[in-house]
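S.K.: predicted coordinates and the sequence they were generated for:
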Amino acid sequence: QVQLVESGGGSVQAGGSLRLSCAASSSEFWMAWFREAPGKEREAVAAAFRDTGNPSYAETVKGRFTMSRDNALNTAYLQMNALTPDDTGRYYCAAGLLGPWNEREGYKYWGQGTQVTVSS
């Protein structure tokens, strides 16, 4: 069983930045970030393969969010810039990819999430 622990969430004003971290208990090939806003389905934000440097992003965050990984620490990061109220939600780390990177059902392991609130 892989343990994933997210951190770094908080409250910021629109235009601000946050950096999320996800520490995994073991090395995982794929790690991803999802988010879930109140009343909405959990959606993919970004995903990255351990051995390459080309993360995939949802269209809504391209150019604003950057995902990176520190393989020595088994940790993934999500740098979020130019935040808007639409980015508000609980952000989850996922690992253990079994299918398409942007599908919730494609991941075996999930963290508990960290809350991000962006005010206007």
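M.R.: Cool, the structure landed. Numbers count the residues shown, from 1 in each chain.
S.K.: when you work out contacts or count neighbours from here on, use the C-alpha atoms and nothing else.
M.R.: Noted.
S.K.: run the chain-centre distance for stretch 30-39.
M.R.: How far stretch 30-39 lies from its chain's middle: 6 Å, per Cα atoms, centre = their mean, to the nearest Å.
S.K.: could you check how far the nearest residue in space to Asp87 that is not next to it in sequence is from Ser11?
M.R.: For Asp87, ignoring the flanking residues on the chain, the nearest one in space by Cα to Cα, 6 or more residues apart in numbering is Val118 at 6.8 Å. Taking Cα to Cα, to the nearest Å as the measure, Val118 falls 6 Å from Ser11.
S.K.: what segments of this structure are strands?
M.R.: Counting by DSSP state E, the chain has strands at residues 4-7, 10-13, 18-24, 30-36, 43-49, 56-57, 65-70, 75-80, 89-97, 107-110, 114-119.
S.K.: relative to strand 89-97, how tilted is the last one?
M.R.: Interaxial angle, strand 114-119 versus strand 89-97 (axes from the mean of the first three to the mean of the last three Cα atoms, to 10 degrees): 140 degrees.
S.K.: and strand 114-119, what does it pack against?
M.R.: The contact analysis (3 or more Cα pairs under 8 Å, 6 or more residues apart in numbering; DSSP states H and E) places strand 114-119 against strand 10-13, strand 89-97.
S.K.: mind listing residues that contact it?
M.R.: Residues outside strand 114-119 that contact it (Cα atoms under 8 Å, 6 or more residues apart in numbering): 6-14, 83-92.
S.K.: at 6 Å instead, please
M.R.: 9-14, 85, 88-91 (Cα atoms under 6 Å, 6 or more residues apart in numbering).
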